[in-house]
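In: have a look at this prediction, sequence included:
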Amino acid sequence: MSRESITYFGAGPAGLPTTVLETVAAALVNYKSLGLGIAEISHRSKDAEEILNSCKKDLRTYLGVPDEFEVLFMQGGGTGQFSATIYEFVSLWVERRRKAIAEKKKDEEEVQRELEKEVEELKIDYLVTGGWSLKASQEAARLVGDEHVNIVTDARKINGGKFGKIPEEEDWKISKNAAMVYYCDNETVDGVEFPTFPAILKNGGGEDEPLVVADMSSNILSRPIPFEQFSAVFFGAQKNLGCAGLTVVIIKRCLLAPTAGRADPKIMRKLGLPIGPIALSYDIVSKNNSLYNTLSITDVFLAGQVLKKALNTFGEERVGGQMKVSGEKAEKIYGVLDKRSERYSVVANKGARSRMNICFRILDDEGKVSEELEAKFVKDAAAEGLTGLKGHRSVGGIRASNYNSVSFEGATKLAEFLEQF
Ligand code: PLP
């Protein structure tokens, strides 16, 4: 089968533009006539540094990243960031609190006692709106203990035990002095996306403000980000940016500054709080321009090529241009699903539908979910060159991942197939 005959709707890794893959394939064999491939050159070479800086610059341009934010290239995936955010932001919170207490109390033992008391009350807030934010909250509980994890809202509670809705903001229970508030902007497994950025989480990361973190692994590069609301956003590259192996963190520089501080590991040990691996330390990675340890320059090069293509395609519109296309493609597909509601049932509620992961069930003539029909759908669609449509193993059903690499024609072809199935 040729690449051209396929539209791939897999949820991640996602498809990549053929021209990008051809450029990377050639670079893997011989980069810039060095007689060496890109996976062979040193990550400390001038060529590697140029690749890294160019990718970073293009990412900043495409997303309009403000100067107050730094871009970090890391490893460990989104899952690595579930842990890194805890290590980093709890440590930052402890240092903030230690400083504040020390301003009032001079005696070191007194400061320690006061700090211990505050740590007893430590809360990390999670909005649980799907499988990935649930996993992130479980990692927090594993690292700091259940008693320190506050579930701001659990979307299953208003939807018969299943994900698919986003609870109203007025029902969220945000802790008073949370060390961090965390949410996942697009839930890949459940097809749930925040329609806009939650206003209630505004202004993260300033002095005495809670640290607001968003997982944008599966909708990054598909709409502009109001960075001023966030302390940090992170995403694995393998959906809209590149391939698995590269993870990006965009973080407020003031949280990296020496004055922001991280608690001394000795203090963290005394308080019984976790100390993260150095490879996941944001300030260490930042101080070393993302090269504290060996980074896959091939992955960065690939991401850089995707960004160059996107910048060429959308010109001055940048991510805004992609947002329009993503919306149009999603509308085409949801349009047919809604029109044929006797056959299809969309998992997510209308106000929470993901533009990136379109999850639905197929109904039999009695209106019941039919796994048999779903299996037939996946098989028949594949015969038409529409692949990767099987839902996540934990929830079943069908999932059409409408990432940036899916063309308008590809989405139209799926819509037509949905019409006639
Ligand atoms: N967050 C989201 C929204 C995801 O979709 C995924 C993976 O698909 C992850 C986190 C975990 O990423 P990784 O597999 O790179 O650890």
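Out: Thanks, I have the structure now. Small disclaimer: the values here were computed from a predicted structure and weren't measured.

In: now the helices for the stretch 51-200 of the chain?
Out: 77-104, 108-120, 131-144 (DSSP state H, counting those that start in this stretch).

In: which parts of the shortest one are buried?
Out: Read that as helix 108-120. Neighbour-count burial for helix 108-120, counted by 16 or more other Cβ atoms under 10 Å, picks out 111-112, 114-115, 118-119. To be clear about C-beta, it is placed using only N, CA and C from the backbone, and glycine gets the same treatment.

In: stretch 242-256 too?
Out: 242-243, 245-252, 255-256.

In: can you give me the end-to-end distance of it?
Out: 26 Å (Cα to Cα, to the nearest Å).

In: for the host helix or strand of Ala375, buried residues please.
Out: Element membership of Ala375, judged by DSSP states H and E, is helix 371-383. Applying a neighbour-count criterion of 16+ other Cβ under 10 Å, one finds 373-374, 377-378, 381 buried in helix 371-383.

In: which of those come close to the ligand?
Out: When Cβ under 6 Å from any ligand atom is taken as the criterion, no member of those contacts the ligand.

In: distance check, the residue of the stretch 301-421 of the chain found nearest the ligand against Gly391.
Out: For the stretch 301-421 of the chain, the residue closest to the ligand is Asn357, as judged by Cβ to the nearest ligand atom, at 8.3 Å. Distance from Asn357 to Gly391, counting by Cβ to Cβ, to the nearest Å: 10 Å.

In: Ala244 too?
Out: Using Cβ to Cβ, Ala244 is found at 20 Å from Gly391.

In: closest one to Asn293 out of the buried residues of helix 371-383, please.
Out: Nearest to Asn293 among the buried residues of helix 371-383, counting by Cβ to Cβ, is Val378 at 40.7 Å.

In: that closest one: what's it in contact with?
Out: By Cβ atoms under 8 Å, 6 or more residues apart in numbering, the contact set of Val378 is 389-390, 398.

In: mind listing which of these are in strands?
Out: Under the assignment DSSP state E, the contacts of Val378 contribute Ile398 to strands.

In: need the contacts of Val378 in JSON lines with neighbour count, pLDDT and distance to Arg340, can you?
Out: Shown next, in JSON lines, are the contacts of Val378 (neighbours: other Cβ atoms under 10 Å; pLDDT from 0 to 100; distance: Cβ to Cβ, whole Å):
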{"residue": "Leu389", "neighbour count": "24", "pLDDT": "98", "distance to Arg340": "16"}
{"residue": "Lys390", "neighbour count": "19", "pLDDT": "97", "distance to Arg340": "20"}
{"residue": "Ile398", "neighbour count": "22", "pLDDT": "98", "distance to Arg340": "13"}
